[in-house]
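Student: okay, here's the prediction I keep looking at, along with the sequence it came from:
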Amino acid sequence: MNDPVNAVLQAQHLSRSYRQGDLSVDVLRDVSLEIRPGERVAIIGSSGSGKSTLLHLLGGLDTPTSGTVHLAGQDVSRLNQAARGRLRNQAVGFVYQFHHLLPEFSAVENVSMPLLIRGESNVQAARQAAELLERVGLGERLRHKPAELSGGERQRAAIARALVNQPDVVLADEPTGNLDEDTADRVYELMLSLNRELGTSFLVVTHDTRLASRMDRVLQLTHGVLQSFELPS
């Protein structure tokens, strides 16, 4: 794992510890990981194993105690906060278990947000957002606010928002954990089809072995240690 230029995302020897009084709690221990362009990777593990912490480190939302993260060929630790924010906006999309759409804005306004932050005009941002919402099956729901959308529709809008900047990689934290099985299946299919069509890499943290089985690789995080994992056939 020594080629951050050709990997969209690379972590080397990541560790993360937190202080609790006089104690130091190790959440991640010497984690190394590489995601190639267009690759789909799942990370499984029990609650409290460090999965969300790892995603936060990989996305530049947190700083490791030791180790490095290269995102789109750049060493995240060497960037100041402003440069780190610009890199996140350009190279990473985030999808969470709960959609985190802004309730006062419509679907198209929510999806436009990353483009507006980048500096696109309102007209251009709305056009691109509408095109992507059409692609994820929400072309007739552009003006609907989150409360007017179903759970699956909200998550599809959240995926559109994550992809609207055409990032190198989408980091998804339990993206179907709040959905029923049928809706989750539709969201799986959407993510897989967008991966094939757009070439975006996906790193998905999930408890759902059905989703994990459809990824190119599965890794397991146990007590802060990341290892390859073979799902039962």
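Tutor: Now that the structure is in, tell me what you want to look at.

Student: after the lowest-mean-pLDDT helix or strand in the chain, heading C-terminal, what element do we hit next?
Tutor: Least confident helix or strand, the chain: helix 181-198 with a mean of 79, by mean pLDDT, DSSP states H and E. Next helix or strand after helix 181-198 toward the C-terminus (DSSP states H and E): strand 201-205.

Student: give me the neighbour count for residue 31.
Tutor: Around residue 31 there are 24 other residues, counting by other Cβ atoms under 10 Å. C-beta here means a position set from N, CA and C on the backbone, and glycine is covered the same way.

Student: hang on, it in a strand?
Tutor: Yes - under DSSP: H, G, I helix; E, B strand; the rest coil, residue 31 sits within a strand.

Student: quick one: pLDDT of it?
Tutor: Listed pLDDT for residue 31 reads 91.

Student: that one contacts residue 14, correct?
Tutor: Yes - between residue 31 and residue 14 there is a contact under Cβ atoms under 8 Å: 4.3 Å.

Student: now the nearest residue to residue 200 once chain neighbours are set aside: how far from residue 15?
Tutor: Distances taken as Cβ to Cβ, 6 or more residues apart in numbering place residue 170 nearest to residue 200, at 5.8 Å, with adjacent residues excluded. According to Cβ to Cβ, to the nearest Å, residue 170 and residue 15 sit 25 Å apart.

Student: who are the neighbours in contact with the residue nearest the centre of the chain?
Tutor: Centre of the chain computed as the mean C-alpha position; nearest residue by Cα atoms, centre = their mean is residue 171, 1.5 Å away. Counting by Cβ atoms under 8 Å, 6 or more residues apart in numbering, residue 171 makes contact with 55, 58-59, 92-95, 203.

Student: farthest pair in those?
Tutor: Largest separation among the contacts of residue 171 by Cβ to Cβ: 58 and 95, giving 13.6 Å.

Student: quick one: low-confidence ranges for this protein?
Tutor: Scanning the chain for pLDDT under 70 picks out 1-5, 97-99, 233.

Student: residue ranges of the strands in it, please?
Tutor: For the chain, applying DSSP state E gives strands covering 9-20, 23-35, 40-44, 66-71, 74-75, 92-96, 169-173, 201-205, 217-222, 225-228.

Student: format those strands as CSV; extra columns: distance to residue 102.
Tutor: Converted to CSV, those look like this (distance: least, Cβ to Cβ, whole Å):
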stretch, distance to residue 102
strand 9-20, 27
strand 23-35, 29
strand 40-44, 28
strand 66-71, 25
strand 74-75, 29
strand 92-96, 13
strand 169-173, 18
strand 201-205, 23
strand 217-222, 31
strand 225-228, 33
